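In: Could you work out the structure for the sequence below:
(one chain, ligands or ions: 1)
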Amino acid sequence: MSTILQTRGLKKYYGKGETEVRALDGVDLQIERGTFVAIVGTSGSGKSTLLNMLGGLDRPTSGKVTIAGEELSKLSDEQLTVFRRKRIGFIFQNYNLIPTLNVWENIIFPITLDGQKPDKKFIMNVAKMLGLDGKLDSLPNNLSGGQQQRVAIARALASKPAIVLADEPTGNLDTRTSDNVVGLLKTTSREFHQTVVMITHNPEIAQMADYIVRIEDGKIVV
Ligand SMILES: Nc1ncnc2c1ncn2[C@@H]1O[C@H](COP(=O)(O)OP(=O)(O)OP(=O)(O)O)[C@@H](O)[C@H]1O
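Out: All right, here's what the predicted structure looks like:
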């Protein structure tokens, strides 16, 4: 196995002096290619901050994030945006689908934004695995929550990113749908050799991961 993602001495402090919040306080993390990792911890422990740093959505106060050999702090904002679009797929709790675009258009949206041609065969395969092949012409509003989240997963996988980052992807779903969605995410990541890092509050969902990373007060605890 090879390391796809690594952090060293990662810190993110918000504010200064008495109001300083140490959201991340020295995180050393190493994630191997193709693994499915759950990040757990109480509210305010630093999970979303960590995911934002891993995805290059925000810059750390100090420390390093290296993805596929690329150290993110060495990239300009513009380079980081391109790197993110090409190498990282994001899945959020509230799906973030575009209501005026149908399912297929939503799935390929980030690829077209990047000026690339979608790999139709690959995406159809992903859509099929996620049970969306009969829904490609539907608008998001006509889908259930679970179906909308599956569209968001297909969109995240469509550009074949090395890493998929998911922030509470099942937060708005009932237990059975959550199990299904995470099971599918696990299957697709295995099938397409993608690394998945997922935040969850739900211990049962966390148990579905290959590894669990627990974070407390901005630090990883074992
Ligand atoms: N932009 C910000 N400005 C100031 N403080 C922030 C900011 N973002 C997060 N924090 C603080 O950093 C700490 C970690 O927040 P974070 O959102 O990473 O926690 P979390 O574990 O994801 O929480 P939750 O499970 O509730 O989403 C919290 O104390 C939070 O209040």
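
In: which one is Leu57 nearest to, not counting chain neighbours?
Out: Closest residue to Leu57 apart from its sequence neighbours, by C-beta to C-beta, 6 or more residues apart in numbering: Arg84 at 7.6 Å. Backbone N, C-alpha and C define where each C-beta goes, glycine included.

In: For the ligand, see how far away Thr35 is.
Out: 21 Å (C-beta to the nearest ligand atom, to the nearest Å).

In: check contacts around the closest residue to that residue other than its chain neighbours.
Out: Using C-beta to C-beta, 6+ apart and skipping residues adjacent in sequence, the residue nearest Thr35 is Asp210, 4.8 Å away. Taking C-beta atoms under 8 Å, 6 or more residues apart in numbering as the criterion, Asp210 is in contact with Thr35, Phe36, Val37.

In: May I ask which of those residues has the most neighbours?
Out: With neighbours taken as other C-beta atoms under 10 Å, the top of the contacts of Asp210 is Phe36, carrying 20 neighbours.

In: didn't that residue look like it was pressed against Lys186?
Out: Yes: the pair Phe36 and Lys186 qualifies as a contact (C-beta atoms under 8 Å) at a distance of 5.4 Å.

In: between the two, what contacts are shared?
Out: With C-beta under 8 Å, 6+ apart as the test, Phe36 and Lys186 both reach Val196, Met208, Ala209.

In: Of the residues you listed, which belong to strands?
Out: Judged by DSSP state E, strands contain the following of the shared contacts of Phe36 and Lys186: Val196.

In: Now list the buried members of the shared contacts of Phe36 and Lys186.
Out: Val196, Met208, Ala209 (16 or more other C-beta atoms under 10 Å).

In: show me the contacts for the first one.
Out: Going by C-beta under 8 Å, 6+ apart, Val196 touches Thr35, Phe36, Val37, Ile163, Val164, Leu165, Ala166, Leu185, Lys186, Ser189.

In: can we see that at 6 Å?
Out: Phe36, Val164, Ser189 (C-beta atoms under 6 Å, 6 or more residues apart in numbering).

In: ok, so of those residues, who is nearest the ligand?
Out: The closest of the contacts of Val196 to the ligand turns out to be Val164 (C-beta to the nearest ligand atom; 17.7 Å).

In: Show me what that closest one bridges to in the sheet.
Out: Gly89, Val196 (DSSP bridges).

In: Test for you: state the pLDDT assigned to it.
Out: The model reports Val164 with a pLDDT of 94.

In: now Thr170
Out: 86.

In: what's near enough to touch the spatially most central residue of the chain?
Out: Here the mean C-alpha position of the chain is nearest to the C-alpha of Leu165 (C-alpha atoms, centre = their mean), at a distance of 1.3 Å. Leu165 is in contact with Leu51, Gly55, Phe90, Val197, counting by C-beta under 6 Å, 6+ apart.
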